[in-house]
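Enquirer: this is a predicted model, with the sequence first.
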Amino acid sequence: MTTLPPIEAVLFDWDGTLMNTKDALLQTYRDVSAQLYGDIDPWDPDEMNEVLQLRAREAFLIVAGGDEERAARVAELFGDAYAVNQESAEAFPGVADGLRRLAALGVRLGVATSKARSRFEADAERAGVRDLLEVAVTGDDVQQAKPAPEPVTAAVDALGLEASRCAYVGDGPNDVLASRAAGTVTIGVEYGFHPDEMRAAGPDLTVTDFAALVDAVARSRSVAA
């Protein structure tokens, strides 16, 4: 069993970690593709797997084939389509209760995501967890998105804590790389969008479900006490 150092705060990726938005995101890209290209699935699975790990501005440029003007059109269409499709997104099992349990333990909570601010806020309110998150750094708030450490570092700095006393939780390799570069404890969730790639990146700990994550953080704090 991996023993974590005492954790004072837990920061999370959003899509694929706290929120199951995969179907909503894929349907949105299909809707955009149908309008732009007349084809609902012009990309192979590996391309879409890459796109789902990126911040919107980088993802849209890929979807647009590198054309800046078309990428702007993708952004416009994506925003409209996701506003409809995100109604089907929901938090992963145990997330809401698990966040409340962490908060009750005195753990400070936050998010560092590549998602746009407006779409994150809508998701978080619908999931009923926004009031539990002390800090939220989105793709709109940083110059460099993950795998650069800037989003995680910005969230740690906002909390005023040492990075080594914070954990960053994500489902993909970009999360692991960003967390490691930021100096936080790195935890990967195996139920997310990119489990194989996440494990290959070598997080400090992997968990099969959200309850196991909460238990691991709780143990770290009980040992410290």
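Expert: Done, it's in.

Enquirer: where do the helices sit along the chain?
Expert: 22-37, 45-51, 56-63, 68-85, 95-104, 117-127, 150-159, 173-182, 195-201, 210-224 (DSSP state H).

Enquirer: most tightly packed of the ones you listed?
Expert: Comparing the helices of the chain by mean neighbour count (mean count of other C-beta atoms under 10 Å), helix 173-182 comes out on top with a mean of 24. C-betas here are computed from N, CA, C, even on glycine.

Enquirer: alpha carbons of that one, in CSV - could you do that?
Expert: What follows is helix 173-182, C-alpha atoms only, in CSV (Å, rounded to 0.1, in the frame of the first residue of the first chain):
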residue,chain,number,x,y,z
PRO,A,173,-0.9,11.5,-18.7
ASN,A,174,-1.0,15.3,-19.0
ASP,A,175,-2.3,15.4,-15.4
VAL,A,176,0.5,13.3,-14.2
LEU,A,177,3.2,15.3,-16.0
ALA,A,178,1.7,18.7,-14.8
SER,A,179,1.5,17.5,-11.2
ARG,A,180,5.0,16.1,-11.1
ALA,A,181,6.4,19.3,-12.6
ALA,A,182,4.5,21.4,-10.1
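
Enquirer: got the domain ranges for this protein?
Expert: Per automatic domain parsing, the structural domains of the chain span 9-20+90-224, 22-87.

Enquirer: confidence score at Ala225?
Expert: Ala225 is assigned 53 on the pLDDT scale.

Enquirer: the least confident helix or strand in the chain by mean pLDDT packs against which elements?
Expert: Within the chain, confidence by mean pLDDT, DSSP states H and E is lowest for helix 45-51 among all helices and strands, at a mean of 79. Contact here means 3 or more C-beta pairs under 8 Å, 6 or more residues apart in numbering; DSSP states H and E; on that basis helix 45-51 packs against helix 22-37, helix 56-63.

Enquirer: make a markdown table from those and add mean pLDDT to it.
Expert: Converted to a markdown table, the helices and strands packed on helix 45-51 look like this (pLDDT from 0 to 100):
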| stretch | mean pLDDT |
| --- | --- |
| helix 22-37 | 90 |
| helix 56-63 | 88 |
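
Enquirer: so which of these is nearest Asp204?
Expert: Among those, helix 22-37 comes nearest to Asp204, with 25.0 Å by C-beta to C-beta.

Enquirer: least confident of the domains of the chain, on average?
Expert: Among these, domain 22-87 has the lowest mean pLDDT, at a mean of 87.

Enquirer: distance between the ends of that domain?
Expert: Chord length of domain 22-87, first to last residue, is 12 Å (C-alpha to C-alpha, to the nearest Å).

Enquirer: before we move on, what about stretch 198-208?
Expert: Taking C-alpha to C-alpha, stretch 198-208 runs 12 Å from one end to the other.

Enquirer: before we move on, the earlier item: would you turn the helices and strands packed on helix 45-51 into CSV with distance to Asp157?
Expert: Below are the helices and strands packed on helix 45-51 laid out as CSV (distance: least, C-beta to C-beta, whole Å):
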stretch, distance to Asp157
helix 22-37, 29
helix 56-63, 23
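
Enquirer: closest to Phe92 out of the ones you listed?
Expert: Of those, nearest to Phe92 by C-beta to C-beta is helix 22-37, at 10.7 Å.

Enquirer: for the closest one, which outside residues touch it?
Expert: Outside helix 22-37, the residues within contact range by C-beta atoms under 8 Å, 6 or more residues apart in numbering are 15-16, 39-43, 48, 51-52, 63, 70, 73-74, 77-78, 81-82, 85-89, 193.
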